[in-house]
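Novice: Need the 3D shape of this:
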Amino acid sequence: RTRTGWETETEMATASFLLLLLPPLLVVPSSTGGPISKSTAVSHFPLIRGPGQDGRWTTLARMEDKRKLFHRLPHSVQPKAPKKSHPLGSHRTQTRAHQRLRLRQSRSRITSAATGLLLALSAGVLSPVCAFAAKPPKLIDCSGSAGGFFSNVRTPATLVAGAALAQFFGNFGDPRYAKAATRSERVFCVRLRTLFTALMALTVTLEFSTVYMATVSSVRLLAGGYNPMATDTISFLMKEFEFPYVATRLQFLTGLVTFTTGLAIKSYTTFSMTPQLARAAFFALLATAANMMAYFDHSLVHFSGYFSLVKEFFRLYFKNDIKRNSPMYLLSFGLAILASYHFIRSFVEVSDEDLEGCT
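Specialist: Predicted structure coming up:
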């Protein structure tokens with residue numbers, strides 16, 4: 001190609017590229033937060049104006065500089081040959097050398113324009129982002145809301161404990177399993193009664209423990225001696241009252257699940273004369289227990305799920321035992337293991353005396 005044709009396509013393509021990129025820069029926020037003025041944008045990025053009557057490419061920023069960004073001579077004007085002859089004495093060699101020089105100058109101007117674009121983006125976009133980047137969270141006094149949490153969990157735990165206590169000492173029987181029933185059916189009835197009694201006993205103990213721990217923690221909040229400032233109440237409880245918070249949440253939910261499961265077993269045996277109704281009530285109550293477990297896992301913030309909360313509970317439980325050096329922690333844990341052992345034995349080993357009570 002000739003020199004004029006190659007320069008025309010390169011300069012027009014570059015000008016079109018800049019014309020597409022430069023208009024959005026006029027509304028890019030500046031470092032002061034406001035939009036960049038047109039004069040500032042033009043001073044940093046000269047806007048391209050098309051060829052006029054004289055066929056020249058020029059700029060709005062520096063129109064007086066005839067050889068600035070994308071200057072193009074008309075097709076009719078040819079560069080004059082240098083007065084001093086080239087050492088090689090070839091006109092074609094001189095033209096190629098001049099073409100390479102113009103190419104380097106064009107690349108230099110394109111590089112300068114691209115650098116200016118990057119600087120504008122950095123000054124206009126990144127500066128406001130950095131100025132308003134992550135501010136430190138505001139600290140608030142969480143002692144009052146923490147007391148509200150313990151009070152709110154104490155009330156429903158009391159109601160559940162009272163309902164479970166009534167069921168614990170209530171009558172449990174299946175109308176179908178009379179003395180004339182087969183031994184296998186009566187053994188099944190005894191095992192259901194054992195499981196129901198264990199669930200109600202577990203509900204009562206868990207909810208009583210929840211009520212007691214919430215009450216004691218509310219009193220401890222009144223004594224002071226801790227830092228009440230935190231970003232939110234959960235973070236405050238995890239920092240200053242970790243064990244009461246973990247124990248209260250775990251025991252309250254576990255008590256609700258065991259109470260609902262026990263009611264499902266009781267409804268299955270109570271309405272055994274109508275099997276479809278018994279199964280409907282049984283599965284409805286089990287679905288409620290499963291839904292509570294699912295939503296509880298979704299609501300946890302500092303733990304991945306229910307079993308991670310159980311793991312943290314036992315870690316803190318034995319940590320407090322070592323820290324306080326009190327034998328009551330070990331005594332309580334040992335008694336719980338002993339109660340579980342006897343419940344399992346009563347479920348597995350069914351004696352003839354047990355069958356007499358299933359009527």
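Novice: Setting the sequence-adjacent residues aside, check what's closest to residue 264.
Specialist: Residue nearest to residue 264 in three dimensions, not counting chain neighbours: residue 285, with 3.6 Å by CB to CB, 6 or more residues apart in numbering. Any C-beta I mention is one placed from the backbone N, CA and C, and that applies to glycine too.
Novice: packing partners for the helix or strand containing the one you found?
Specialist: Using DSSP states H and E, residue 285 sits within helix 275-299. Counting contacts by 3 or more CB pairs under 8 Å, 6 or more residues apart in numbering; DSSP states H and E, helix 275-299 is packed against helix 242-270, helix 306-324.
Novice: what's the model's confidence in the top helix by length along the chain, averaged?
Specialist: Using DSSP state H, we find that the single longest helix of the chain is helix 183-223. Helix 183-223 shows a mean pLDDT of 90.
Novice: Could you dump the helices and strands packed on helix 275-299 into TSV and include mean neighbour count and distance to residue 338?
Specialist: Shown next, in TSV, are those (neighbours: other CB atoms under 10 Å; distance: least, CB to CB, whole Å):
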stretch	mean neighbour count	distance to residue 338
helix 242-270	21	19
helix 306-324	14	17
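Novice: Least reliable of those by average pLDDT, please.
Specialist: Lowest mean pLDDT of these: helix 306-324, a mean of 84.
Novice: residues in contact with that one?
Specialist: Contacting residues not belonging to helix 306-324 are listed as 242-243, 246-247, 249-250, 253, 293, 296-297, 300, 303, 329-330, 333 [CB atoms under 8 Å, 6 or more residues apart in numbering].
Novice: and with 10 Å instead?
Specialist: The contact list for helix 306-324 (CB atoms under 10 Å, 6 or more residues apart in numbering) reads 242-247, 249-251, 253-254, 257, 293-294, 296-297, 300, 302-305, 326-330, 332-333.
Novice: Name all residues that make contact with the residue nearest to residue 161 when sequence neighbours are not counted.
Specialist: Distance criterion CB to CB, 6+ apart; nearest residue to residue 161, sequence neighbours excluded, is residue 207 at 3.6 Å. By CB under 10 Å, 6+ apart, residue 207 lies in contact with 154, 156-165, 251-252, 254-256, 258-259.
Novice: give me every residue that touches residue 295.
Specialist: Listed by CB under 10 Å, 6+ apart, the contact set of residue 295 reads residue 253.
Novice: Same check on the one 3 residues further on?
Specialist: Applying CB under 10 Å, 6+ apart, one finds that residue 298 lies in contact with residue 305.
Novice: swap in residue 159?
Specialist: For residue 159, the contacting residues are residue 207, by CB under 10 Å, 6+ apart.
Novice: and it, what helix or strand is that in?
Specialist: helix 143-168.
Novice: buried set for that helix?
Specialist: For helix 143-168, a neighbour-count test (16 or more other CB atoms under 10 Å) marks 143, 145-147, 149-150, 153-154, 157, 160-161, 163-165, 167-168 as buried.
Novice: which one among those gets closest to residue 110?
Specialist: residue 145 (60.8 Å; CB to CB).
Novice: Please tell me I have it right and the closest one contacts residue 235.
Specialist: No: in this structure residue 145 lies outside contact range of residue 235 using CB atoms under 10 Å: 11.3 Å.
Novice: so where's the stretch 51-200 of the chain uncertain?
Specialist: The model of the stretch 51-200 of the chain has pLDDT under 70 over residues 51-96, 117-135, 173-181.
Novice: Can I get stretch 279-298 in PDB, CA atoms only?
Specialist: C-alpha atoms of stretch 279-298 as PDB (Å, rounded to 0.1, in the frame of the first residue of the first chain):
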ATOM      1  CA  ARG A 279     -50.900 -42.100  60.400                       C
ATOM      2  CA  ALA A 280     -51.900 -38.600  59.400                       C
ATOM      3  CA  ALA A 281     -51.300 -37.100  62.800                       C
ATOM      4  CA  PHE A 282     -48.100 -39.100  63.200                       C
ATOM      5  CA  PHE A 283     -46.500 -37.800  59.900                       C
ATOM      6  CA  ALA A 284     -47.800 -34.300  60.400                       C
ATOM      7  CA  LEU A 285     -46.100 -33.900  63.800                       C
ATOM      8  CA  LEU A 286     -42.900 -35.500  62.400                       C
ATOM      9  CA  ALA A 287     -42.900 -33.000  59.500                       C
ATOM     10  CA  THR A 288     -43.200 -30.200  62.000                       C
ATOM     11  CA  ALA A 289     -40.100 -31.500  63.900                       C
ATOM     12  CA  ALA A 290     -38.100 -31.800  60.600                       C
ATOM     13  CA  ASN A 291     -39.200 -28.300  59.500                       C
ATOM     14  CA  MET A 292     -38.000 -26.800  62.800                       C
ATOM     15  CA  MET A 293     -34.600 -28.600  62.400                       C
ATOM     16  CA  ALA A 294     -34.300 -27.300  58.800                       C
ATOM     17  CA  TYR A 295     -35.100 -23.700  59.700                       C
ATOM     18  CA  PHE A 296     -32.800 -23.800  62.700                       C
ATOM     19  CA  ASP A 297     -29.900 -24.700  60.500                       C
ATOM     20  CA  HIS A 298     -30.800 -21.900  58.200                       C
END
